[in-house]
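Asker: Dropping a prediction and its sequence here:
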Amino acid sequence: MAMVVRVITWELHLAGCSSLKQKRAILRSLKDRLRNRHNVSVAETDHQNTWQRAEICVALVSSDGRRAEQMLSRLDALVASAPGVRVIDTYTITY
């Protein structure tokens, strides 16, 4: 059985943030929702010290490529609908 690994990265703009504390609260909420609803690994991977910008990545493993793509679509919709977050760019890597 072949395993499919997908990594999706979002570049985010957090317009309402005026401190790192506000930014971290928004990102913590988003990362928790991603983990709890979809059982994926999530990390903030860049722009940790910038108030209104963030990059987060999600990694997922599946035994079915089509199922992995469906999951990526759901993850993308969840991030796009997160309050206070605007997606600037998204890219996906397949292993």
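Answerer: Sure, I can see it.
Asker: Following element in sequence after the helix ranked longest in the chain, please.
Answerer: When the chain is scanned for its longest helix (criterion: DSSP state H), the result is helix 20-38. Using DSSP states H and E, the helix or strand that follows helix 20-38 in sequence is strand 41-46.
Asker: which residues sit against the following helix or strand past that next one?
Answerer: Downstream of strand 41-46, the next assigned helix or strand under DSSP H and E is strand 53-62. With Cβ atoms under 8 Å, 6 or more residues apart in numbering as the test, strand 53-62 has contacts from 3-14, 23, 27, 30-31, 34, 38, 40-47, 68, 71-72, 75, 79. Where you see a C-beta, it was placed from the backbone N, CA and C, and this is true even at glycine.
Asker: Could you check the angle the helix or strand just after strand 53-62 makes with strand 53-62?
Answerer: The first helix or strand that comes after strand 53-62 along the chain, using DSSP H and E, is helix 65-80. Interaxial angle, helix 65-80 versus strand 53-62 (axes from the mean of the first three to the mean of the last three Cα atoms, to 10 degrees): 160 degrees.
Asker: Tell me where the model's unsure across this structure.
Answerer: Along the chain, segments meeting pLDDT under 70 span 1.
Asker: how does it look with 90?
Answerer: Applying pLDDT under 90 to the chain flags the ranges 1-2, 16, 94-95.
Asker: What count of nearby residues applies to Leu30?
Answerer: 23 (other Cβ atoms under 10 Å).
Asker: Then the one 5 residues further on?
Answerer: Per other Cβ under 10 Å, the neighbour tally for Arg35 reads 13.
Asker: and the residue nearest to Asp64 when sequence neighbours are not counted, bridged to which residues?
Answerer: Excluding its sequence neighbours, the residue lying closest to Asp64 (Cβ to Cβ, 6 or more residues apart in numbering) is Val4, at 6.9 Å. Legend: beta-bridge partners of Val4 under DSSP bridges are Ser62.
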